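Participant: Need a 3D model of the sequence below.
(chains A and B)
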Amino acid sequence: MISKQEIQHIAKLARLGLTEKEVKKYQKELSSILDYVGKLKEIDSEISEFAFAKHLLEAENIMREDEMRFGDASVDGAEKLLELAPQTKNGYLKVKSILNPIRSPSQKKFR
Amino acid sequence: MTVKEIHRGLIKKEFSALELCKVYLAKIKKEDKKINAFLNVSEELALSQAKEVDTLISQKRKIPFLAGVPCAVKDNILIEGASCTAGSKILENYIASYDATVIKKLKREKAVILGKTNLDEFALGSSTENSAFGPTKNPHDLTRVPGGSSGGSAAAVAADLSVFSLGSDTGGSIREPAAFCGVVGLKPTYGAVSRYGLIAFASSLDQIGPITKTVEDAKIVFDTIKGKDKLDSTSVETPEFKNLKFKIKNFKIGLPKEYFNKKLDDPQMEEIIEKAIKKYQDLGAKIVQISLPHTEYALETYYIIAPSEISANLARFDGIKYGFSGAGKSLLDVYLASRGEGFGPEPKRRIMLGTYALSAGYYEAYYLKAQKVRALVSKDFEKAFKKVDVMLSPVSPFLPFKMGERTKNPLAMYLVDIYTNSANLVGLPALSLPVGKVGKLPVGLQIIGKHFEEEKILEIGKLFEEDKSFSSASAAI
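Facilitator: Next up, the predicted model:
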């Protein structure tokens, strides 16, 4: 059974704010799903390494020119996108401070 | 009515595009309350698109096949200026700022877009019960699920609230609801249809595809939306349809023994699948037993890869640039609140699974291992396709189940996709074809083809459709 601490750790990595009740619920559910998918350990590593390597060798990378597209990337494109943001100021997205951040109570909890 | 019939009717001036559009809008107003297929109806857009088509007809101009045809779009595909919720509270008030490539193509062909359809939140689910805006009901039995995640799209076509719909399929999300609703659903080869403008679930598995009443319509819609797109580097040009006279005699149809070794949920369902297979045999096809030995690991592989990819793709929903923004004093609080309150249980579950599988200490055992097994599953199909041209299987082991029947245990829901997710893992095209009913409940047959051989699987589907009185297998309510 995956531990409560592990669930809280994963939730913090994934930036998901969970209630106590949710932590218990997902602890149970994730444990049973992880047990199920853990069956993959049965498969022989060596054979699967070979198949995977061949697969990777066949993959090719697709590139294109880094050029500006009009319409989507134009000035009113940018304006349209800013309209969707919860908080803006002078054409910038407004966010909480990053340098010298306010210490949140939740950060203390996770430490 | 089908796409072909509408096209003929418009050209012959039997009705106008505007009249047709109004009929569908009225039907939605009357019927959709009890079905809940639509999250949003774009009445103004649809009427203006219809009027444009009528103008072209009155000018004696040639109109594209899809012109004037009323359609619905799954609400994870972006239409500029229209709401796009992905079935989630976190995007409840989000307005799309651009058109998906498939939408640009539908608009170019002058299709009439009636609205956006309901789905499991972020396409995560097999029943549409995970929508933050209420479930969609199966038009054949309102106490049962329409399947998912493209449940709204499938139900809309089944209830004739739209002539065709676009859905998306990552593990079965077009094929399973199509089977549950008794309509046709096509998941194209990975790369055949551009994913630009599709809210990403699993980038190596997602494909947009048509849900229609007939195979012929599916072919027309697929032909319209397919094609290489500069904006989706995983898209490729698919070969043009050759429209050769298809010969079923000695055509080799494979039955993967691992898909048939367990009894289906319902013996009558088994009979219907067996009858469908026998029909192809009677028509002259050769049935070949094949084996896909890693089938039993395919579901586990999928449930590691898909959550891993979605944990990455949902990271963008953080309350900063768009979508629901939670209150908080610090940046971390904003993230925790936005995502904690905005996401429903299934996204949270899968994000955590994915985060775990990708995290330090677990990455090799889970994600990397799953990708290796995926290569083995792919090899299974490669080997088997040397012996056969297409493969048949049931779409799902289950008949459309009752609302709430599988929601208590996530694994119970995941098992519904056991026959569909291999095609996504390997990138193969697959069709869901309605082949009969158990009482009121539709049964779907899955036809899997080789990469980029959509035409072949569509032709196989068409044979079934042409052979018997189709209305007995199809949905039209």
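
Participant: can you map out the helices along the stretch 251-400 of chain B?
Facilitator: Under the criterion DSSP state H, counting those that start in this stretch, the stretch 251-400 of chain B contains helices at B:257-260, B:267-282, B:295-313, B:331-342, B:345-358, B:369-384.

Participant: Reformat those as CSV; add mean pLDDT, distance to B:G147 and mean neighbour count.
Facilitator: The way it works is simple: take the backbone N, C-alpha and C, and place the C-beta from them, glycine included. Output for the helices of the stretch 251-400 of chain B, formatted as CSV (pLDDT from 0 to 100; distance: least, Cβ to Cβ, whole Å; neighbours: other Cβ atoms under 10 Å in any protein chain shown):
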stretch, mean pLDDT, distance to B:G147, mean neighbour count
helix B:257-260, 94, 18, 18
helix B:267-282, 95, 14, 16
helix B:295-313, 95, 17, 23
helix B:331-342, 96, 25, 22
helix B:345-358, 96, 15, 24
helix B:369-384, 94, 23, 21
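
Participant: Just send those back as JSON lines, with distance to B:K402 too.
Facilitator: As requested, those are arranged in JSON lines below (distance: least, Cβ to Cβ, whole Å):
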{"stretch": "helix B:257-260", "distance to B:K402": "25"}
{"stretch": "helix B:267-282", "distance to B:K402": "16"}
{"stretch": "helix B:295-313", "distance to B:K402": "23"}
{"stretch": "helix B:331-342", "distance to B:K402": "29"}
{"stretch": "helix B:345-358", "distance to B:K402": "19"}
{"stretch": "helix B:369-384", "distance to B:K402": "32"}
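
Participant: Distance to chain A added to these, as JSON lines?
Facilitator: Below are the helices of the stretch 251-400 of chain B laid out as JSON lines (distance: least, Cβ to the nearest Cβ, whole Å):
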{"stretch": "helix B:257-260", "distance to chain A": "15"}
{"stretch": "helix B:267-282", "distance to chain A": "25"}
{"stretch": "helix B:295-313", "distance to chain A": "4"}
{"stretch": "helix B:331-342", "distance to chain A": "3"}
{"stretch": "helix B:345-358", "distance to chain A": "4"}
{"stretch": "helix B:369-384", "distance to chain A": "4"}
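
Participant: do you know how far the spatially most central residue of chain A is from A:Y26?
Facilitator: By Cα atoms, centre = their mean, chain A has its centre lying nearest to A:A14, at 5.7 Å. Separation of A:A14 from A:Y26 (Cβ to Cβ, to the nearest Å): 11 Å.

Participant: now B:I103
Facilitator: For B:I103, the distance to A:Y26 - Cβ to Cβ - is 36 Å.

Participant: Could you check how far B:N76 is from chain A?
Facilitator: From B:N76 across to chain A, the span is 17 Å (Cβ to the nearest Cβ, to the nearest Å).

Participant: so who does the residue of chain A found nearest chain B touch?
Facilitator: With Cβ to the nearest Cβ as the measure, A:G17 is the residue of chain A nearest to chain B, at 2.8 Å. Neighbour list for A:G17: A:11, A:106, B:326, B:335-337, B:339-341 [criterion: Cβ atoms under 8 Å, 6 or more residues apart in numbering or on different chains].

Participant: repeat that for 6 Å
Facilitator: Shown in contact with A:G17 (Cβ atoms under 6 Å, 6 or more residues apart in numbering or on different chains): B:336-337, B:340.

Participant: That one is in what secondary structure piece?
Facilitator: Using DSSP states H and E, A:G17 falls within no helix or strand.

Participant: Disregarding flanking residues, what is the spatial nearest neighbour of it?
Facilitator: B:G340 (2.8 Å; Cβ to Cβ, 6 or more residues apart in numbering or on different chains).

Participant: Could you do B:D467 as well?
Facilitator: Counting by Cβ to Cβ, 6+ apart, the residue nearest B:D467 is B:K279, at 6.7 Å.

Participant: tell me the contacts of residue 43?
Facilitator: Picking chain A for this. So A:I43 contacts B:V373 (Cβ under 6 Å, 6+ apart).

Participant: actually chain B
Facilitator: Here B:E43 is in contact with B:L25 (Cβ under 6 Å, 6+ apart).

Participant: That one and B:E92, how far apart?
Facilitator: 20 Å.

Participant: returning to what we had before: B:R349 is in contact with the residue nearest to the centre of chain A, correct?
Facilitator: No. In this structure, A:A14 is not within contact of B:R349 by Cβ atoms under 6 Å, at 10.9 Å.

Participant: from what I can see B:G342 touches B:I90, true?
Facilitator: Yes. Counting by Cβ under 6 Å, B:I90 is a contact partner of B:G342 at 3.1 Å.

Participant: what's the overlap in contacts for the two?
Facilitator: Contacts common to B:G342 and B:I90, judged by Cβ under 6 Å, 6+ apart, are B:F324.

Participant: what does the stretch 101-250 of chain B have sitting close to chain A?
Facilitator: Within the stretch 101-250 of chain B, the residues that sit near chain A (Cβ under 6 Å from any Cβ of the partner chain) are B:S233.

Participant: all helices for the stretch 101-250 of chain B, in order.
Facilitator: Assigned by DSSP H, counting those that start in this stretch, the helices in the stretch 101-250 of chain B fall at B:101-108, B:151-158, B:175-181, B:215-225.

Participant: In the second one, which residues are buried?
Facilitator: Neighbour-count burial for helix B:151-158 flags B:151-158 (criterion: 16 or more other Cβ atoms under 10 Å in any protein chain shown).

Participant: A:A85 against A:L93, yeah?
Facilitator: Yes. Using Cβ under 6 Å, A:A85 makes contact with A:L93 at a distance of 5.2 Å.

Participant: And the residue nearest to the centre of chain A, its phi and psi?
Facilitator: Backbone geometry at A:A14, expressed as degrees, to the nearest 10, gives phi -90, psi 0.

Participant: Nearest residue to it in space, please, no chain neighbours.
Facilitator: B:T355 (4.5 Å).

Participant: which residues does the one you found contact?
Facilitator: A:10, A:13-14, B:311 are the contacts of B:T355 under Cβ under 6 Å, 6+ apart.

Participant: Quick one: neighbours of B:N93, just the number.
Facilitator: 12 (other Cβ atoms under 10 Å in any protein chain shown).

Participant: next one: A:M68
Facilitator: Using other Cβ under 10 Å, the number of residues around A:M68 comes to 7.

Participant: Which of the contacts of B:T355 sits closest to B:R175?
Facilitator: B:S311 (24.5 Å; Cβ to Cβ).

Participant: I'd say that closest one and B:I351 touch.
Facilitator: Yes. Using Cβ under 6 Å, B:S311 is in contact with B:I351, at 4.6 Å.

Participant: Between helix B:345-358 and the lengthiest helix in chain A, find me the angle.
Facilitator: Ranked by number of residues, the top helix in chain A under DSSP state H is helix A:20-37. Helix A:20-37 and helix B:345-358 are oriented at 60 degrees to each other (axes from the mean of the first three to the mean of the last three Cα atoms, to 10 degrees).

Participant: Report the mean per-residue pLDDT for the helix or strand that helix A:20-37 is followed by.
Facilitator: Downstream of helix A:20-37, the first helix or strand assigned by DSSP H and E is helix A:45-58. The average pLDDT for helix A:45-58 rounds to 71.

Participant: again with stretch B:391-410
Facilitator: For stretch B:391-410, the per-residue pLDDT averages 96.
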